[in-house]
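Peer 1: Task: produce atomic coordinates for the following.
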Amino acid sequence: MAISTELRARLLKVVREYAQERGGLLSQGERFAELEEEACQLGDALAAGLIEMRLEEQAARAGATATAYCPSCRRPARAREPEPRLAPTRRGEVTWQEPTYYCDRCRKSFFPQLNILSLDPDHTVSPGVLKKMV
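Peer 2: Numbers count the residues shown, from 1 in each chain. From the prediction side, this is the model:
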């Protein structure tokens, strides 16, 4: 997704406000490497926050589904309390509440959102991190 000119202007406004709060972007004697590191940390925080918000929104939609079906036997399953998830991404760790369902017949829990997100239940990292590991 390309960032629109309008969104870029809004983000730059936030950067200017941040700079004013800290008394300017460059401190006396600050090196470029330090400025770059701070900018990367801010970018990572923004990216991780965006990912978390979207995951929570998607989890809420998935959890609102009236019926979920067991991926093994295809019978209706009952909703359980959401479980906390943690996944390292290329931009930092993200957390969200994962909708959980339980199949009485198969006696196992499953997480429909993992299929929606194309996440492998055997891996606890994002596809981007997994790609870098291979």
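Peer 1: Check which strands are paired with the strand ranked longest in the chain and give the direction for each one.
Peer 2: When the chain is parsed with DSSP state E, its longest strand is strand 76-89. Strand 76-89 sits in its sheet next to strand 68-69 (antiparallel), strand 92-103 (antiparallel), going by DSSP bridges.
Peer 1: Of all those, which one is nearest Ala2?
Peer 2: Nearest to Ala2 among the strands paired with strand 76-89 is strand 92-103; the distance by Cβ to Cβ comes to 22.5 Å. (C-beta placed from N, C-alpha, C; glycine too.)
Peer 1: And the contacts of the closest one?
Peer 2: Under the criterion Cβ atoms under 8 Å, 6 or more residues apart in numbering, residues 44-45, 47-48, 51-52, 55-56, 59, 62-63, 65, 68, 70, 72-73, 75, 77-87, 108-114, 126 lie in contact with strand 92-103.
Peer 1: change it to 7 Å
Peer 2: Under the contact criterion Cβ atoms under 7 Å, 6 or more residues apart in numbering, strand 92-103 has outside partners 44, 48, 51-52, 55-56, 59, 62-63, 68, 70, 72-73, 75, 77-87, 109-113.
Peer 1: buried ones in the following helix or strand past it?
Peer 2: Next in sequence after strand 92-103, counting helices and strands by DSSP states H and E, comes strand 108-110. Across strand 108-110, burial judged by 16 or more other Cβ atoms under 10 Å covers Phe110.
Peer 1: Strand 108-110: how far from the chain's middle?
Peer 2: Put simply, strand 108-110 sits 22 Å off its chain's centre (Cα atoms, centre = their mean, to the nearest Å).
Peer 1: average pLDDT across that strand?
Peer 2: The pLDDT scores in strand 108-110 average 88.
Peer 1: Residues touching it, excluding its own?
Peer 2: Contact partners of strand 108-110, identified using Cβ under 7 Å, 6+ apart, comprise Cys70, Pro71, Arg80, Thr100, Tyr101, Tyr102, Cys103.
Peer 1: how close does the second one get to Arg107?
Peer 2: Spatial separation of Pro71 from Arg107 under the definition Cβ to Cβ, to the nearest Å is 14 Å.
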